[in-house]
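Q: this one's sequence-less:
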């Protein structure tokens, strides 16, 4: 039991294998008490694995965990919780119909004679909320509360269990800029009250503005640990990727043509059940060929439903009204494949769910959606040779690694999976491109590549609809920006005449 | 390598388990194995019987494998093959005067059509109404059995016998039997089955339709996003399955019995599930697995005659254990694949 460390958390030589894959190779991490410590790295860099070991979800193969100077071994997360560690997961662990109060005390209820003492719990929670400045309406059902408040409840859940080390996994993914700022104000207050906070994120901006120290992960190893004040985004990005990267590309102004690539009027979509709430209401907008229109919005405000309605207008599972036109054709009553055949390329929101056959080789994934085109089939029979040739060429041009058409798509990294989808969709020579979250979970290097391709498609005359929850992406690429809130388009801006603050306000519905 | 090893290990495990039971019953496993081998392959007649049992299993194996490739579980091959055989026999009984080769062609079409209809129903229900094909195919098995009884006993009853069977088909319908097998009813249905398997293989791997079927089975939402009509693919997969199962009627009615006999199938439709799983849903694998199960069926049928302690029931247990072991292994890897996707 070595007591040489005074840090709140110290990981020494933490190692974890999954089969042949080394997820963590000797990770060292030191987090001082009363600081906000950023943990950054690309998807699969091992930051989540390290945090899961710290929280007792995974057991390390080797290495030690010290909490407040004492070496600890967890057999399950409850050990870690008992030692004062708490974690807010990316997807909240809340029971929707129950009240905020019930959710917080769930599993740690003060009980007397088998009855939950709600008054006692409430008194304690109110004291906590006052102390840390985290007001919550205790009796409201979780479902009725905004996401930012739900997150506050998750944090209170940890404080209620006397956590003094808080791990937050990508906490801002679902927040508006305003909610993000408020979250970090609260986190700073918690820090000043003596709590230690570990912030897992891939957003460099958050790390730069809100953390005291930062640790960078790459390929299962720690590649850097430094005072945040003594580094800059470029250095962090280089450490994350392992080479020099271009953080944001320059997008020259667009020269839109007069032809419309897409035109939506009065589009509404109700849920599958009769009488259910409208998922999108009266959405109207149009996109010219040669321009990029971005749809900004906090996730879950109807963006997915909008894509569904324009790409599958005839699907019996949703009841749509309004008209959808692509490239001067009214497609409202068309089947999906016919729309795609017009030259509509789609980078789907969730590439694994909607874009790929993970257990099939790259070549078959390259064919998906193109199988009926005359280039790849004749009289109902596939032309394997033509496919092989086109795929070989595309894999080269779009830099999908490894250059192996027989490898299963599921074995590719996220960035390469996305590049494969881009390669396939651009094979259509798109006149209209729909890109939904095109760089989600994609490494920094591939982001640059995909952004450049989207801009090039625009310059070659495609209309582009960009749906993204990353404001930076919207602001970098879009020529015009629409803001979606609760299923409606609530604002439209030109790129040069809008600030992040204005967008954020509209995204929050004000 | 593991892909091939796993199913073989499953067969060995099931066989070992079954032999363990015969050992408990007091029969030496080595002796049992010898009888199994001799009874399945010992003479040209034995080999013929093995092939005779394998033929319907190729069809039912394919009838399970094709929908599995499209992500559907067809438990209804038994009902589909029942109606296929019934249709072939009905055609033969109603128009006995038709000449060869028009007659068998006509009866074959009828068998395919009846099976197709019986597959289309659960396919349509799944695609358009979302009700699960497993439940519906099981239900349709019962309906098919009832329908077959009714037609056999009330509409086309053979007046010359007490057995529950239809009137015999006309002479022009009978398929050529191969003389080599000393009277074992190996007919043209066997080459038909092998050719069918080859055609299914081409369909699955070389055609646009096959690609789309497999895409739906691999990832339905990705297939849908790519513009594939997933509902239509489901219906087509089940239609193909029904047609394939219906072809069992060709070997049984035109190649063997010359009529429809109630209960002729020793559950070919259900053994087809094990055949498809053991054959890894590949047509080539299905043919190999069907041969194995055909041999097993023939082999175990002689066990109670040739041994002192292995009764007919015990030989069924031996067969069932192998099927169970193979199905458990196959189903397990199928579900593992699905849950990972």
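A: That came through fine. No experiment lies behind these values; they were computed from the predicted model shown.
Q: what kind of secondary structure is residue A:489 in?
A: strand (DSSP: H, G, I helix; E, B strand; the rest coil).
Q: so how far is chain B from it?
A: According to C-beta to the nearest C-beta, to the nearest Å, residue A:489 and chain B sit 24 Å apart. Bear in mind the C-beta positions are built from the backbone N, C-alpha and C, glycine included.
Q: which pLDDT value goes with that residue?
A: At residue A:489, the model reports a pLDDT of 92.
Q: repeat that for residue A:186.
A: Reported pLDDT for residue A:186: 89.
Q: ok, now which ones touch it?
A: Shown in contact with residue A:186 (C-beta atoms under 8 Å, 6 or more residues apart in numbering or on different chains): A:132-134, A:152, A:155.
Q: biggest separation within the residues you listed, which pair?
A: By the measure C-beta to C-beta, those have their two most distant members at A:133 and A:155, which lie 11.3 Å apart.
Q: so the two - more neighbours on which side?
A: residue A:155 (26 against 11; other C-beta atoms under 10 Å in any protein chain shown).
Q: wait, that one touches residue A:92, no?
A: No - using C-beta atoms under 8 Å, residue A:155 makes no contact with residue A:92, being 10.7 Å away.
Q: get me the contact residues on chain B for chain A.
A: B:206-209, B:211-212, B:214-215, B:218-219, B:221-229, B:337, B:340-341 (C-beta under 8 Å from any C-beta of the partner chain).
Q: quick check on those residues: which are buried?
A: Buried by 16 or more other C-beta atoms under 10 Å in any protein chain shown: B:206-209, B:211-212, B:214-215, B:218-219, B:222-229, B:341, out of the residues of chain B next to chain A.
Q: can you pull the domain assignment for chain A?
A: For chain A, automatic domain parsing gives the domain ranges A:9-241, A:355-428.
Q: sort the contacts of residue A:186 by pLDDT and name the bottom one.
A: For these, the pLDDT minimum is residue A:133, 79.
Q: next up, phi/psi of it, please.
A: phi 60, psi 50 (degrees, to the nearest 10).
Q: give the contact list for it.
A: Contacts of residue A:133 (C-beta under 8 Å, 6+ apart): A:186, A:189.
Q: surely residue A:324 meets residue A:312?
A: No - the criterion here is C-beta under 8 Å, and residue A:324 misses it with residue A:312 at 10.3 Å.
Q: what residue ranges in the chain score low on pLDDT?
A: No chain in the question, so chain A it is. Low-confidence segments of chain A (pLDDT under 70): A:1-5, A:247, A:271-278, A:316-319.
Q: you answered for a different chain; I wanted chain B.
A: B:1-3, B:334, B:336-341.
Q: point me to the residue sitting farthest from the middle of it.
A: Here the centre of chain B is the reference, and by C-alpha atoms, centre = their mean the most remote residue is residue B:225, at 34.3 Å.
Q: from residue A:347, how far off is that residue?
A: 10 Å (C-beta to C-beta, to the nearest Å).
Q: now do the shared contacts for the two.
A: residue A:355.
Q: next, the contact list for the residue farthest from the centre of chain B, please.
A: A:311, A:336, A:346, A:348, A:354-355, A:369.
Q: out of the residues you listed, which are close to chain B?
A: A:311, A:336, A:346, A:348, A:354-355, A:369.
Q: out of these, which is nearest to chain B?
A: residue A:369 (3.4 Å; C-beta to the nearest C-beta).
Q: counting neighbours, what do you get for residue A:452?
A: The burial count for residue A:452: 13, using other C-beta under 10 Å.
Q: was I right about it contacting residue A:249?
A: Yes - checked against C-beta under 8 Å, the pair residue A:452 and residue A:249 is within contact range at 6.0 Å.
Q: sec struct for residue A:493, please.
A: When the rule is three-state DSSP, residue A:493 gets the label strand.
Q: let me fix that, I meant to ask about residue B:105.
A: helix.
Q: now name the helix or strand holding residue B:38.
A: helix B:29-41 (DSSP states H and E).
Q: what angle sits between the following helix or strand past that helix and helix B:29-41?
A: Remark: after helix B:29-41, the chain's next helix or strand is helix B:44-69, criterion DSSP H and E. Orientation check (axes from the mean of the first three to the mean of the last three C-alpha atoms, to 10 degrees): helix B:44-69 against helix B:29-41 gives 90 degrees.
Q: mind listing what's buried along the helix or strand where residue A:236 lies?
A: Following DSSP H and E, one finds residue A:236 within helix A:233-241. The neighbour-count check on helix A:233-241 (16+ other C-beta under 10 Å) flags A:236-241 as buried.
Q: same check on stretch A:362-378?
A: Buried-residue list, stretch A:362-378, by 16+ other C-beta under 10 Å: A:362-372, A:376-377.
Q: repeat that for stretch B:226-244.
A: B:226-231, B:233-244.
Q: re the thing from before, which one of the ones next to chain B among the contacts of residue B:225 has the most neighbours?
A: residue A:355 (29 neighbours).
Q: can you give me the helices for the stretch 101-250 of chain B?
A: For the stretch 101-250 of chain B, the helices defined by DSSP state H, counting those that start in this stretch cover B:102-124, B:133-150, B:189-206, B:208-218, B:220-225, B:230-246, B:248-249.
Q: closest one to residue A:128 among those?
A: That would be helix B:220-225 among the helices of the stretch 101-250 of chain B, by C-beta to C-beta, at 42.8 Å.
Q: any idea how far the closest one is from the middle of the chain?
A: 30 Å (C-alpha atoms, centre = their mean, to the nearest Å).
Q: what of stretch B:149-159?
A: Worked out by C-alpha atoms, centre = their mean, stretch B:149-159 lies 24 Å from the chain centre.
Q: buried set for that stretch?
A: B:151-152, B:156, B:158.
Q: again with stretch B:313-325
A: Those buried within stretch B:313-325 under the rule 16+ other C-beta under 10 Å are B:314-315, B:317-319, B:321-325.
Q: now for residue 78, how many residues are close by?
A: Reading this off chain A. Neighbour tally, residue A:78, other C-beta under 10 Å: 11.
Q: um, chain B though
A: With other C-beta under 10 Å as criterion, residue B:78 counts 26.
Q: quick check: it vs chain A, distance?
A: 30 Å.
Q: isn't that residue right up against residue B:266?
A: No - shown here, residue B:78 and residue B:266 do not form a contact pair, counting by C-beta under 8 Å, at 10.4 Å.
Q: returning to what we had before: any chance of the buried residues of helix A:233-241 in a markdown table, with distance to chain B too?
A: Output for the buried residues of helix A:233-241, formatted as a markdown table (distance: C-beta to the nearest C-beta, whole Å):
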| residue | distance to chain B |
| --- | --- |
| A:236 | 34 |
| A:237 | 32 |
| A:238 | 35 |
| A:239 | 33 |
| A:240 | 28 |
| A:241 | 29 |
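Q: include distance to residue A:69 when you put those residues into JSON lines, please.
A: Shown next, in JSON lines, are the buried residues of helix A:233-241 (distance: C-beta to C-beta, whole Å):
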{"residue": "A:236", "distance to residue A:69": "29"}
{"residue": "A:237", "distance to residue A:69": "34"}
{"residue": "A:238", "distance to residue A:69": "34"}
{"residue": "A:239", "distance to residue A:69": "28"}
{"residue": "A:240", "distance to residue A:69": "30"}
{"residue": "A:241", "distance to residue A:69": "35"}
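Q: ok, which pair from those is furthest apart?
A: Farthest pair in those, by C-beta to C-beta: A:236 and A:241, 9.8 Å.
Q: just the element for residue A:81, please.
A: With DSSP H and E as the criterion, residue A:81 is inside helix A:77-82.
Q: of the helices of the stretch 101-250 of chain B, which is nearest residue A:422?
A: helix B:220-225 (14.6 Å).
Q: related to what we said a few turns ago, which parts of the helix holding residue A:81 are buried?
A: Here helix A:77-82 shows A:80-81 as buried, counting by 16+ other C-beta under 10 Å.
Q: direction included, what does whichever helix or strand comes after that helix pair against?
A: Going down the chain from helix A:77-82, the next helix or strand is strand A:85-88, by DSSP H and E. Strand A:85-88 has the following strand partners under DSSP bridges: strand A:165-169 (parallel).
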